[in-house]
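*Asks:* Have a look at this prediction, sequence included:
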Amino acid sequence: MTLGLTTQILHADRLGGVEHGATHKPLHLAAAFGYDTATELVSVFQGESSGHVYARQGNPTTQAMENKITLLEGGVGSVSFATGMGAIGSMLFALLKQGDHIVASRFLFGNTASLLQTIDNLGCSVSLVDATDASQVAAAINDKTRIVFVETVANPRTQIADLESIGKLCAERGLLYVVDNTMTTPHLFRPSKVGAGLVMNSLSKSISGHGNVLGGAITDTGLFDWTRYPNISDSYKKGAPNTWGLLQIRKKGLRDLGGTLSAEHGHRIATGAETLTLRMERVCSNALALARWLAASPLV
């Protein structure tokens, strides 16, 4: 029997292991974590074994929430941040170097566009193009291009990028394809289906669902070959290559910049995610009813 997405999310904490038989991961509010021996601590600190050392890089509560986001996107791992903008900014900071080039849609969330202007001021050039036309994306690519960044449905003007064609283009050129999936959510669309290497979701909106938290996440779909990416530091080339990108984002982006998601917000997001599919179905049915009413109205 194949379990539905809602069922998988509902049981994710329990199947992942929780304390005292609880059905949800509890709030872990500790800033640091202890180990029985110094050897164990060193092993975790150096990334040789799994565990938590200092909560700026995450804790068991936010890790459980990240696992749910990974499940929703069908990826291989996720890193969470205090906000969606924190997620995008930390990802770019961790993966780019001075002189690199980004091609991005000119139809973006206003704060993302502002961030790209800041990135440009710091020495990474940015080309903004009409991403509804993949030929414009292709024309903007040069030998310094590292990342192509688009939104599924642009916020707030609703332009839809030519996601599939851009994905094929990035695969041919060996470029990292980053897709902001906030507007559609992983219930309606998975960017991995069009070849995205990284997916960004603002957790403040539909995934948490109640307007009472801020958060963001970067998910690795497992499709990008990080051995081809020139900016991965040797110190993060540990284990399977499909983990290198997220490891560098967690260390150079989350740890070094400090945009850490609180355990309380992580817990609320994880709980909200359990009803994502139900809420998005209602969003869609309401939107369809409104569209039909407007189409039939003589006032429109």
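*Replies:* Cool, got the structure.

*Asks:* what are the ranges of the helices in the chain?
*Replies:* Taking DSSP state H as the criterion, the chain carries its helices at 5-16, 38-45, 60-73, 84-95, 110-121, 134-140, 163-173, 185-188, 244-248, 256-257, 263-273, 276-296.

*Asks:* Hmm, residue 13 and residue 19 touching each other?
*Replies:* No - taking C-beta atoms under 8 Å as the definition, residue 19 is not a contact partner of residue 13, at 10.4 Å. C-beta coordinates here come from the backbone N, C-alpha and C atoms, glycine included.

*Asks:* who's more crowded, these two?
*Replies:* Ranked by neighbour count (other C-beta atoms under 10 Å), residue 19 and residue 13 place residue 13 first, with 21 against 9.

*Asks:* Correct me if wrong: that one contacts residue 25.
*Replies:* Yes - the pair residue 13 / residue 25 is scored as a contact, 4.7 Å apart, by C-beta under 8 Å.

*Asks:* which neighbours do the two share?
*Replies:* By C-beta atoms under 8 Å, 6 or more residues apart in numbering, residue 13 and residue 25 have these common neighbours: 64, 270.

*Asks:* Look up the pLDDT of the residue nearest the centre of the chain for me, please.
*Replies:* Central residue of the chain (C-alpha atoms, centre = their mean): residue 218, 2.2 Å from the mean position. Predicted confidence (pLDDT) for residue 218: 99.

*Asks:* Who are the contact partners of it?
*Replies:* Contacts of residue 218 by C-beta under 8 Å, 6+ apart are 78, 79, 81, 87, 90, 91, 198, 199, 200, 246, 249.

*Asks:* I'd like these laid out as CSV, including neighbour count.
*Replies:* Conversion of the contacts of residue 218 to CSV gives the following (neighbours: other C-beta atoms under 10 Å):
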residue, neighbour count
78, 27
79, 29
81, 29
87, 30
90, 25
91, 27
198, 26
199, 29
200, 24
246, 26
249, 26
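
*Asks:* Low-confidence stretches in this structure?
*Replies:* Within the chain, the ranges that satisfy pLDDT under 70 run 1, 15.

*Asks:* switch to 80 and redo it
*Replies:* Applying pLDDT under 80 to the chain flags the ranges 1-3, 13-23, 47.

*Asks:* any idea how far residue 185 is from the residue nearest to residue 195 when sequence neighbours are not counted?
*Replies:* For residue 195, ignoring the flanking residues on the chain, the nearest one in space by C-beta to C-beta, 6 or more residues apart in numbering is residue 167 at 3.1 Å. Computed as C-beta to C-beta, to the nearest Å, the residue 167 to residue 185 distance reads 19 Å.

*Asks:* which strand of the chain spans the most residues?
*Replies:* Counting by DSSP state E, the longest strand found in the chain is strand 145-151.

*Asks:* hang on, the earlier thing: list the beta-bridge partners for the residue nearest to the centre of the chain.
*Replies:* Per DSSP bridges, the residues bridged to residue 218 are residue 79, residue 200.

*Asks:* And it, how far from residue 283?
*Replies:* Applying C-beta to C-beta to residue 218 and residue 283 gives a distance of 24 Å.

*Asks:* and the gap between residue 63 and residue 39?
*Replies:* Distance, residue 63 to residue 39, by C-beta to C-beta: 23 Å.

*Asks:* strand partners of the longest strand of the chain, parallel vs antiparallel please.
*Replies:* Assessed with DSSP bridges, strand 145-151 is paired to strand 101-105 (parallel), strand 176-180 (parallel).

*Asks:* Got phi/psi on residue 155?
*Replies:* Backbone geometry at residue 155, expressed as degrees, to the nearest 10, gives phi -110, psi 120.

*Asks:* If we ignore the residues flanking it in sequence, what's nearest it?
*Replies:* residue 109 (4.5 Å).
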